[in-house]
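Asks: Give me coordinates for this.
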Amino acid sequence: MSRYQVRPATLRDAKAIADVHVSAWQAAYKGLLPDDYLNGLSVDKRAAFWREAIDLFEPQVHVATDGDAIVGFVGFDRSRDAGTPSTTGEIWALYVAPAHWGKGVGLALWDAARDGLEDEGCTKVTVWVHLRNERALRFHELAGFKREMPSAKTTMVGTTKLEEIRLQRPLG
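Replies: You can find the predicted model right below:
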């Protein structure tokens with residue numbers, strides 16, 4: 001039994017979600033992205049994005065709490081990739097505050113997303129991960145995701161090119 005509780009996000013959670021999002025990016029991508037890019041990430045812009053996502057329910061957003069503090073979040077919904085069947089879900093985002101890495105928060109969030117996607121009728125789930133984000137790749141592979149090698153693509157993050165790969169696994 002986890003000490004973390006997972007629940008659907010509310011509009012009031014947007015700022016805390018943004019704080020987790022920015023701090024996780026700054027820790028996970030240190031050395032992969034320029035420091036000036038990471039230091040320039042805006043909590044206010046992220047909070048506006050997450051407020052809109054929560055309000056529109058796109059994606060569905062759940063938060064993990066430790067007591068009253070939000071320590072992680074997951075966004076999930078149907079796959080955004082062209083040509084995927086409506087039964088394919090996607091983890092749009094899964095981030096945990098760095099102080100809580102390796103303590104079960106990610107697993108609690110993954111469990112909630114999996115249940116939510118199954119409730120939506122999804123039979124498969126995908127996630128895009130930067131190839132050099134070894135922590136995220138290891139987490140998803142331990143959760144049963146497999147790499148789709150032909151899916152690798154290059155994305156621009158600021159002025160830096162990062163390689164991403166899609167991972168997938170069946171639900172159920």
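Asks: Report the beta-bridge partners for Lys153.
Replies: Glu164 (DSSP bridges).
Asks: Next: Ala64.
Replies: According to DSSP bridges, beta-bridge pairing links Ala64 with Val6, Gly72.
Asks: pretty sure it contacts Val96?
Replies: Yes - assessed by C-beta atoms under 8 Å, Ala64 is found in contact with Val96 at 7.4 Å. C-beta coordinates here come from the backbone N, C-alpha and C atoms, glycine included.
Asks: Overlap in contacts, those two.
Replies: Counting by C-beta atoms under 8 Å, 6 or more residues apart in numbering, the contacts common to Ala64 and Val96 are Val71, Gly72, Val105, Leu109.
Asks: Show me which pair in those is furthest apart.
Replies: Val71 and Leu109 (9.7 Å; C-beta to C-beta).
Asks: Which neighbours do these two have in common?
Replies: Shared contacts of Val71 and Leu109, counting by C-beta under 8 Å, 6+ apart, come down to Ala64, Val96.
Asks: thinking again about what came up before, any idea which of the shared contacts of Ala64 and Val96 is the one closest to Ala82?
Replies: Nearest member of the shared contacts of Ala64 and Val96 to Ala82, counting by C-beta to C-beta, is Leu109, at 26.4 Å.
Asks: and Pro34, how many neighbours?
Replies: Applying other C-beta atoms under 10 Å, we find 14 residues neighbouring Pro34.
Asks: In this structure, what helix or strand scores lowest on average pLDDT?
Replies: Least confident helix or strand of the chain, by mean pLDDT, DSSP states H and E, is strand 146-157 with a mean of 90.
Asks: residue boundaries of the helices in the protein?
Replies: 14-28, 35-39, 43-56, 105-119, 134-142 (DSSP state H).
Asks: Which positions in the shortest one come out as buried?
Replies: Going by neighbour count (16 or more other C-beta atoms under 10 Å), the buried part of helix 35-39 is Leu38.
Asks: Convert that helix to CSV, retaining C-alpha atoms only.
Replies: C-alpha atoms of helix 35-39 as CSV (Å, rounded to 0.1, in the frame of the first residue of the first chain):
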residue,chain,number,x,y,z
ASP,A,35,21.0,25.5,-18.5
ASP,A,36,19.6,28.8,-19.7
TYR,A,37,16.6,27.0,-21.3
LEU,A,38,16.0,25.0,-18.1
ASN,A,39,16.3,28.0,-15.9
